[in-house]
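Visitor: Model the following, please.
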Amino acid sequence: YREGFTAADDELPERWHEEAIATGRHAGARLERETWGKVVGLYYAMCGWDEGGRPGAAKLWELGLEELLEKR
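Guide: Numbering: from 1, shown residues only. Have a look, this model is predicted:
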């Protein structure tokens, strides 16, 4: 957040959603966009971030980055 990253930076290359996995126990499976969105959303929630990938006020205080609250 401090460096300017947003949820848009947490996207995967298109081929990860379009091409099936070639080998291994997940061969033939694809990573659906909807599934990826749920994974990212869960990760954000576990980190104390909002759906836009931004840390909440409590997380900024916890990390000693309260000066970033003014940028919101």
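Visitor: for the residue positioned nearest the centre of the chain, what are its contacts?
Guide: For the chain, the residue lying nearest the average C-alpha position, counting by CA atoms, centre = their mean, turns out to be residue 40 (4.0 Å). Under the criterion of CB atoms under 8 Å, 6 or more residues apart in numbering, the contact partners of residue 40 comprise 7, 10. Every C-beta, even on glycine, is put in place using the N, C-alpha and C of the backbone.
Visitor: in what helix or strand does it lie?
Guide: Per DSSP states H and E: residue 40 is located in helix 33-47.
Visitor: where does this structure have low pLDDT?
Guide: Regions of the chain meeting the criterion pLDDT under 70 cover residues 71-72.
Visitor: Please enumerate the helices of it.
Guide: 14-18, 33-47, 57-62 (DSSP state H).
Visitor: Tell me which of these lies nearest to residue 70.
Guide: Relative to residue 70, the nearest member of these by CB to CB is helix 57-62, separated by 10.3 Å.
Visitor: Can you get me a residue count around the closest residue to residue 29 other than its chain neighbours?
Guide: With CB to CB, 6 or more residues apart in numbering as the criterion, residue 29 has its nearest non-adjacent residue at 5.2 Å, and that residue is residue 21. Other residues lying near residue 21 total 13 when counted by other CB atoms under 10 Å.
Visitor: how about residue 21, what does it touch?
Guide: Taking CB under 8 Å, 6+ apart, we find residue 21 in contact with 27-30.
Visitor: Please tell me which one of those residues counts the most neighbours.
Guide: The most neighbours, when those are compared by other CB under 10 Å, belong to residue 30, which has 13 neighbours.
Visitor: residue contacts, that residue?
Guide: For residue 30, the residues meeting the contact criterion (CB under 8 Å, 6+ apart) are 17-21.
Visitor: Then residue 49?
Guide: 55-56, 59.
Visitor: Could you dump these into CSV with neighbour count and distance to residue 9 added?
Guide: Written out in CSV, the entries for these read as follows (neighbours: other CB atoms under 10 Å; distance: CB to CB, whole Å):
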residue, neighbour count, distance to residue 9
55, 21, 14
56, 14, 18
59, 15, 18
